[in-house]
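Undergrad: my questions are about this predicted structure, shown below with the sequence.
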Amino acid sequence: MLKRGLICLLLLVEMCFGGAKNMLVTPSFVKQPMTIIDIRTEPEWRETGLVSGAIPLTFFDEKGRYDTKVFLAKLEKYVTKETPFALICRTGNRTSAVSEFLGELGYAVINLQGGMVELVKQGYQPVPYRP
């Protein structure tokens, strides 16, 4: 337990300097006090639920379209460039691209590899999505 806490602390310190990091998603990580942005679509949130406390904020719509200006304006209501936060999607493919983009802009972002599929596979129970 102490080892995990130390690893999380070191990761957070490193994140304070901006840039994207990749981390395999685990139930213990998503229980840490960190903002998690779920970039999936509303139908996905309804189907599987969300990480408890996660902020649903779609990046790509159901047809794969996106508007970075709109997304960034919404994102900035929840995080700053200096505040470490994590992104989650279904499997980690979308968050890989979005976290790299945000990292290049100077955000301290963590891509949760494996996404909700991996998290549920490890036994995590999402909470229902409530619009």
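TA: Looks like it arrived, so ask away.
Undergrad: for this protein, which element, helix or strand, carries the lowest mean pLDDT?
TA: Counting by mean pLDDT, DSSP states H and E, the chain has its least confident helix or strand at helix 2-15, which shows a mean of 46.
Undergrad: in the helix or strand just after that one, what counts as buried?
TA: Sequence-wise, the next helix or strand downstream of helix 2-15 (DSSP states H and E) is strand 19-24. By neighbour count on 16 or more other C-beta atoms under 10 Å, the buried set for strand 19-24 is G19, A20. Every C-beta, even on glycine, is put in place using the N, C-alpha and C of the backbone.
Undergrad: cool, stretch 80-91 as well?
TA: Per 16+ other C-beta under 10 Å, stretch 80-91 contains these buried residues: P84, F85, A86, L87, I88, C89, R90.
Undergrad: mind checking pLDDT for the residue nearest to the spatial centre of the chain?
TA: Nearest to the mean C-alpha position of the chain, counting by C-alpha atoms, centre = their mean, stands L87 at 1.5 Å. Looking at L87, its pLDDT reads 97.
Undergrad: quick one: the nearest residue to it once chain neighbours are set aside from E82, how far?
TA: Distance criterion C-beta to C-beta, 6 or more residues apart in numbering; nearest residue to L87, sequence neighbours excluded, is T95 at 4.1 Å. Counting by C-beta to C-beta, to the nearest Å, the gap from T95 to E82 is 20 Å.
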